[in-house]
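Enquirer: can't give you the sequence, but here's the structure:
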């Protein structure tokens, strides 16, 4: 594998168990495979995502944490849970500070998150409010909060020094994607990770749909399978050439 940027450390911040697997687990698995320290931060436990008779929020939270942990293991990532209530996520200052703490602790070069401005990504889908809240929290934690020395003196006192993230990779962007990651070598890993979410998939096999989605994305830049992002550069570092929008 050549001419591909692999960060030393990456943090994926999303709302629910399975959000990463449906969207960006191919990138996470690719980076982990090639030496990146990948950390997932899942803000809610997905504890209302069931129509099963007799299911409780407490039981479902346990199931979904176990499924998400298994999915992260498949991709080669470590998973952290913040335990917020599914469906009620808000971009509070308290949660922003929790993310700043994690960013300063893990010091990622890249933070991957959703797009807080996406409400209607298609004619038949409304973006979940938790997705938008998680994305806003992630972006606001990255900039400027994580790098401001005077903002959280208590974190400074704990030895958690400010950290400037190099890049933010925004998935499902409202703006035109400007960066594509070739996940051809990890698309099967992505599918296997998604299969760990049995409580959500039931008998559905995601293989064909994932390959269809990522195959369509890959065609735009000459890859068999790809994931697309709007990449924001906050502090550029020297890296190999990578596929940008329109590249072959």
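Expert: On my side now, so go ahead. All values reported here derive from a predicted model rather than from experimental measurement.

Enquirer: residue 21 is in contact with residue 14, correct?
Expert: No. Residue 14 is beyond contact range of residue 21, at 9.6 Å (criterion: C-beta atoms under 8 Å). Where you see a C-beta, it was placed from the backbone N, CA and C, and this is true even at glycine.

Enquirer: neighbour count: those two, which is higher?
Expert: Neighbour tally, residue 14 and residue 21, criterion other C-beta atoms under 10 Å: the higher count belongs to residue 21, 31 against 27.

Enquirer: nearest residue to the more buried one other than its sequence neighbours?
Expert: In space, and not counting its chain neighbours, residue 21 is closest to residue 194: 4.1 Å by C-beta to C-beta, 6 or more residues apart in numbering.

Enquirer: residue boundaries of the helices in the protein?
Expert: 19-23, 25-33, 57-75, 93-106, 129-142, 153-157, 187-195, 198-201, 207-219 (DSSP state H).

Enquirer: what is the mean pLDDT for the first one?
Expert: It stands for helix 19-23. For helix 19-23, the mean pLDDT works out to 97.

Enquirer: repeat that for the third one.
Expert: Helix 57-75 comes out with an average pLDDT of 95.

Enquirer: show me what contacts residue 160?
Expert: By C-beta atoms under 8 Å, 6 or more residues apart in numbering, the residues touching residue 160 are 101, 104, 105.

Enquirer: can you select the buried ones from the residues you listed in PyMOL?
Expert: Applied in PyMOL, the following selects the buried portion of the contacts of residue 160 according to 16 or more other C-beta atoms under 10 Å:
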select buried, resi 101+104
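
Enquirer: nearest to residue 118, of the contacts of residue 160?
Expert: Closest to residue 118 out of these is residue 101 (26.6 Å), distances taken as C-beta to C-beta.

Enquirer: list the contacts for that closest one?
Expert: So residue 101 contacts 155, 160 (C-beta under 8 Å, 6+ apart).

Enquirer: picking that back up, distance to residue 173 added to the contacts of residue 160, as a markdown table?
Expert: Shown next, in a markdown table, are the contacts of residue 160 (distance: C-beta to C-beta, whole Å):
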| residue | distance to residue 173 |
| --- | --- |
| 101 | 27 |
| 104 | 26 |
| 105 | 27 |
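
Enquirer: and the contacts of residue 160 as TSV, adding pLDDT and distance to residue 159?
Expert: Supplementary listing: those in TSV, determined by pLDDT from 0 to 100; distance: C-beta to C-beta, whole Å:
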residue	pLDDT	distance to residue 159
101	98	11
104	98	9
105	98	10
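
Enquirer: closest to residue 231 out of the contacts of residue 160?
Expert: residue 104 (22.2 Å).

Enquirer: circling back to that earlier point, so for the residue nearest to residue 21, what's the pLDDT?
Expert: 98.

Enquirer: so it touches residue 22, yeah?
Expert: Yes. With contact defined as C-beta under 8 Å, residue 194 reaches residue 22; the gap is 6.5 Å.

Enquirer: those two: which has the busier surroundings?
Expert: residue 194 (24 against 19).

Enquirer: so where's the chain shaky on pLDDT?
Expert: The chain contains residues with pLDDT under 70 at 1-3, 50, 55, 240-248.

Enquirer: grab the most central residue of it for me.
Expert: residue 12 (3.6 Å; C-alpha atoms, centre = their mean).

Enquirer: that one: what's it in contact with?
Expert: 20, 24, 28, 38, 39, 40, 41, 77, 111, 112, 113.

Enquirer: could you flag which of these are buried?
Expert: 20, 24, 28, 38, 39, 40, 41, 77, 111, 112, 113.
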